[in-house]
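>>> take a look and give me a structure for this.
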Amino acid sequence: MSSNFNPQFAKIGEILVQNGKATESGINEALAQQKTTNDKIGVTLIEMGFIEEEDFTSAFAEQLGYRKADNFILLEADSEVASLISEDFARENRVLAVQKSETTITVAMEDPEDVVAVDSIKRLTNLTPDILVAGPELLEKALDKVYGEIQKTTEVAETIESITVVSGEEGSQEEVDLSPDKASDEDAPIVKLVNLIFQESIKERATDIHIEPMEKQVYIRIRIDGVLQTIMTPPANSLSGLVTRIKILSNLNIAEKRLPQDGRFSVKSPGKDIDIRVSILPTVYGEKVVMRLLDKTGFDFNLTSLGFPKHNLGTFKKVIKQPYGMVVVSGPTGSGKSTSLYAALKEIKSERTNITTVEDPVEYQLDGVNQVQVFEDIGLTFGSTLRSILRQDPDVLLIGEIRDGETADIAVKFALTGHLVFSTVHANDAPGTITRLLDIGIAPFLVGSCLNLVMAQRLVRRLCNKCKEEYTPSNEELGLVGLDPSRVPKTLFKAKGCAECRNTGYKGRLAIFEMIPMARDLRKLVFDNANEDDIRQASLKNGMQTLREAGNARILDGTTSIEEVLRSTVEDL
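From the prediction side, this is the model:
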């Protein structure tokens, strides 16, 4: 092709070849196919797998002399700007307003040469359109996301429009008229808003709700599959009413706005009984609320459903059926540690076994298991509860978390006197779990004697089965997670996004594990007070699969993505 190549006078196929996104043979094959389908050449090239939609969009924009709209600017479009154009018009004309200035409005369009649509946008907004080119699939995803947010914001606005804000004297906090009789009235706007937040959170399987005050609005975010997502942004004057309602439900001091407060209450919905733990923290813009949602009736996991590989599942089942010893699971908050241990209890419980748990909080209720909730405020600590349980003739004990030397000492004594003990600690990996127990203050010979197995775990998001798409990863991308290109299938799967998964590309989570059964050589290393690296090398020699390797196995079987494994694990050293 000549050096004075001008894309604005070239055919789309020539631009794709010039940019190295397609071959001439591929273009010719697509042109032949196009004669029978009458589709546009871009559609044909994409359907035949010669190019990605993004490649075609880039070439199309280059041909017409426009900029391409990237994923970020579309999916993070300002809903206030988008609302300047009605949803009906936007969908009919395949446009989305994403940004604006005093004189211009930036609009992503599937067909930037639709002069009628461009003129209509100028007339509707009284602004000069600045056009970006967007691919059809990405534009559709953005339309669903942005106008879905607009609809939800409208519902919230209608709900809170009758909230009355009463301003106090200068320097005082704003308060909402929420007397007890009004708070119990299900027609009260603030009650509707709080209930709407709970309904949306439960429907989306959220584990946490964040109510975050900012200068002009309140961000309501929920954690779905480990990632926070904004679901609504009511105005700042709704904050006082929201917090007051939650304080009333939690039996907290509604007048105290300077100190942190913690509380709890329950919410019932069809088929669910949700325990909600409340934490309130004063910030510069008002009180921030975080609520943890615990589904008391929702434990339907078993060891098989957790995602154990076959070789790990057999080992874990064998270890948890030992008559005594200690099993310790590590990981950050929200990594599924308690769920794994509950599944273990579910596996081994029987009429012949007395199982007792000490937890803070009790996350699920299990039939046939004696569960004790710790209440630090009244002196019912892990230590005091465990001392009492010594007289309760337990066979199996689950300790929610080993936090200090006292708890660790009692746990080890249980394990060394004919009891099976399960617990958790905070550590980065399985070898670090062993050294963490030593750091807490347990003598090396006790750790080496009582431990049966240590396990680290993380949760990774599952790719949405309805929209995940195949692609060919680059060698550089594979190298990021340590995969050898010569041993990887030609295609893997990546996130795309659809209505089913809230346009995230993921739905649900599964665990990945790093497991160390305590073999004889490892016990000797612990007796000798070996460092973490020596324990790691010995574990690898014995066949330990690291968290990164476990994640890579889930990439290769199409369960999750490279991006998700990078987010959840660190590089093996």
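>>> just the CA trace of the helix or strand containing residue 197, in PDB.
Using DSSP states H and E, residue 197 maps to helix 189-203. Presented in PDB, the C-alpha positions along helix 189-203 are these (Å, rounded to 0.1, in the frame of the first residue of the first chain):
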ATOM      1  CA  PRO A 189     -40.900   8.000  52.100                       C
ATOM      2  CA  ILE A 190     -37.800   7.300  54.000                       C
ATOM      3  CA  VAL A 191     -39.100   3.800  55.000                       C
ATOM      4  CA  LYS A 192     -39.800   3.100  51.300                       C
ATOM      5  CA  LEU A 193     -36.200   4.200  50.400                       C
ATOM      6  CA  VAL A 194     -34.600   2.000  53.000                       C
ATOM      7  CA  ASN A 195     -36.800  -0.900  52.100                       C
ATOM      8  CA  LEU A 196     -35.900  -0.400  48.400                       C
ATOM      9  CA  ILE A 197     -32.200  -0.600  49.300                       C
ATOM     10  CA  PHE A 198     -32.700  -3.800  51.100                       C
ATOM     11  CA  GLN A 199     -34.900  -5.300  48.400                       C
ATOM     12  CA  GLU A 200     -32.300  -4.500  45.700                       C
ATOM     13  CA  SER A 201     -29.500  -5.800  47.800                       C
ATOM     14  CA  ILE A 202     -31.200  -9.100  48.600                       C
ATOM     15  CA  LYS A 203     -32.200  -9.600  45.000                       C
END
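>>> can you pull the buried residues of that helix?
By neighbour count with 16 or more other Cβ atoms under 10 Å, helix 189-203 contains the buried residues 189-198, 200-202. Where C-beta positions appear, they are placed from N, C-alpha and C, glycine not excepted.
>>> dump these into TSV; add distance to residue 135 as well.
Listed next are the buried residues of helix 189-203 as TSV, based on distance: Cβ to Cβ, whole Å:
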residue	distance to residue 135
189	41
190	42
191	43
192	39
193	37
194	40
195	39
196	34
197	34
198	37
200	30
201	32
202	35
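>>> give me the most central residue, this protein.
residue 226 (2.2 Å; Cα atoms, centre = their mean).
>>> can you tell me which residues contact it?
Each residue near residue 226 by Cβ atoms under 8 Å, 6 or more residues apart in numbering is listed here: 207, 334, 459, 461, 509.
>>> ok, these vs residue 525, which is closest?
residue 459 (29.5 Å; Cβ to Cβ).
>>> excluding chain neighbours, give the residue nearest to the closest one in space.
Residue nearest to residue 459 in three dimensions, not counting chain neighbours: residue 509, with 4.5 Å by Cβ to Cβ, 6 or more residues apart in numbering.
>>> who does the helix or strand hosting the one you found pair up with?
Following DSSP H and E, one finds residue 509 within strand 506-517. When pairing is defined by DSSP bridges, strand 506-517 lines up against strand 451-463 (antiparallel).
>>> and after the strand it pairs with, which helix or strand comes next?
strand 469-471.
>>> what about the stretch 151-300 of the chain, any weak spots by pLDDT?
152-187, 297-299 (pLDDT under 70).
>>> any buried residues in the strand holding residue 509, and which?
Quick answer for strand 506-517 (16+ other Cβ under 10 Å): 506, 507, 509, 510, 511, 512, 513, 514, 515, 516, 517.
>>> ditto for stretch 393-405
Buried residues in stretch 393-405 (16+ other Cβ under 10 Å): 394, 395, 396, 397, 398, 399, 400, 401, 402, 403.
>>> can you map out the strands along the stretch 351-500 of the chain?
For the stretch 351-500 of the chain, the strands defined by DSSP state E, counting those that start in this stretch cover 355-359, 370-373, 396-399, 420-425, 451-463, 469-471, 492-494.
>>> quick check: mean pLDDT across the longest one?
Going back to what we said before, that points to strand 451-463. Per-residue pLDDT values over strand 451-463 give a mean of 96.
>>> same thing with the first one?
Strand 355-359 shows a mean pLDDT of 93 in the predicted model.
>>> and it, which strands flank it?
In the sheet, strand 355-359 lines up with strand 370-373 (parallel), strand 396-399 (parallel) (DSSP bridges).
>>> alpha carbons of stretch 209-219, as PDB, please.
Output of stretch 209-219 as PDB, limited to C-alpha atoms (Å, rounded to 0.1, in the frame of the first residue of the first chain):
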ATOM      1  CA  ILE A 209     -24.400  -2.200  51.700                       C
ATOM      2  CA  HIS A 210     -22.500   1.100  51.800                       C
ATOM      3  CA  ILE A 211     -24.200   4.400  52.400                       C
ATOM      4  CA  GLU A 212     -21.500   7.000  51.700                       C
ATOM      5  CA  PRO A 213     -22.200  10.700  52.100                       C
ATOM      6  CA  MET A 214     -20.500  13.200  49.800                       C
ATOM      7  CA  GLU A 215     -21.000  16.900  49.300                       C
ATOM      8  CA  LYS A 216     -23.900  16.900  46.900                       C
ATOM      9  CA  GLN A 217     -25.300  13.400  47.000                       C
ATOM     10  CA  VAL A 218     -25.200  10.100  48.800                       C
ATOM     11  CA  TYR A 219     -23.700   7.000  47.100                       C
END
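>>> may I see the buried residues of it?
209, 210, 211, 212, 213, 217, 218, 219.
>>> got phi/psi on the second one?
Read it as residue 210. phi -110, psi 130 (degrees, to the nearest 10).
>>> returning to that earlier point: which one of the buried residues of stretch 393-405 sits closest to residue 100?
residue 401 (50.3 Å).
>>> ok, that closest one - contacts?
360, 382, 407, 423, 424, 425, 426.
>>> ramachandran angles for the first one?
Going back to what we said before, that points to residue 360. phi -150, psi 90.
>>> for residue 376, see how far away it is.
8 Å (Cβ to Cβ, to the nearest Å).
>>> what about those two, which has more around it?
Per other Cβ atoms under 10 Å, whichever of residue 360 and residue 376 has more neighbours is residue 360, with 17 against 10.
>>> what pLDDT does the closest residue in space to that one that isn't next to it in sequence get?
Distance criterion Cβ to Cβ, 6+ apart; nearest residue to residue 360, sequence neighbours excluded, is residue 374 at 3.9 Å. Here the pLDDT value assigned to residue 374 is 88.
>>> do a quick rundown of the helices in the stretch 401-550 of the chain.
Here the stretch 401-550 of the chain has its helices, by DSSP state H, counting those that start in this stretch, at 405-416, 430-440, 444-450, 475-480, 520-527, 532-541, 547-556.
>>> quick one, which of those is nearest to residue 143?
So among the helices of the stretch 401-550 of the chain, helix 475-480 is nearest, using Cβ to Cβ, at 28.8 Å.
>>> apart from its chain neighbours, what residue comes closest to residue 217?
residue 233 is the one closest to residue 217 (Cβ to Cβ, 6+ apart), at 4.7 Å.
>>> okay, that neighbour and residue 136: tell me how far apart.
28 Å.
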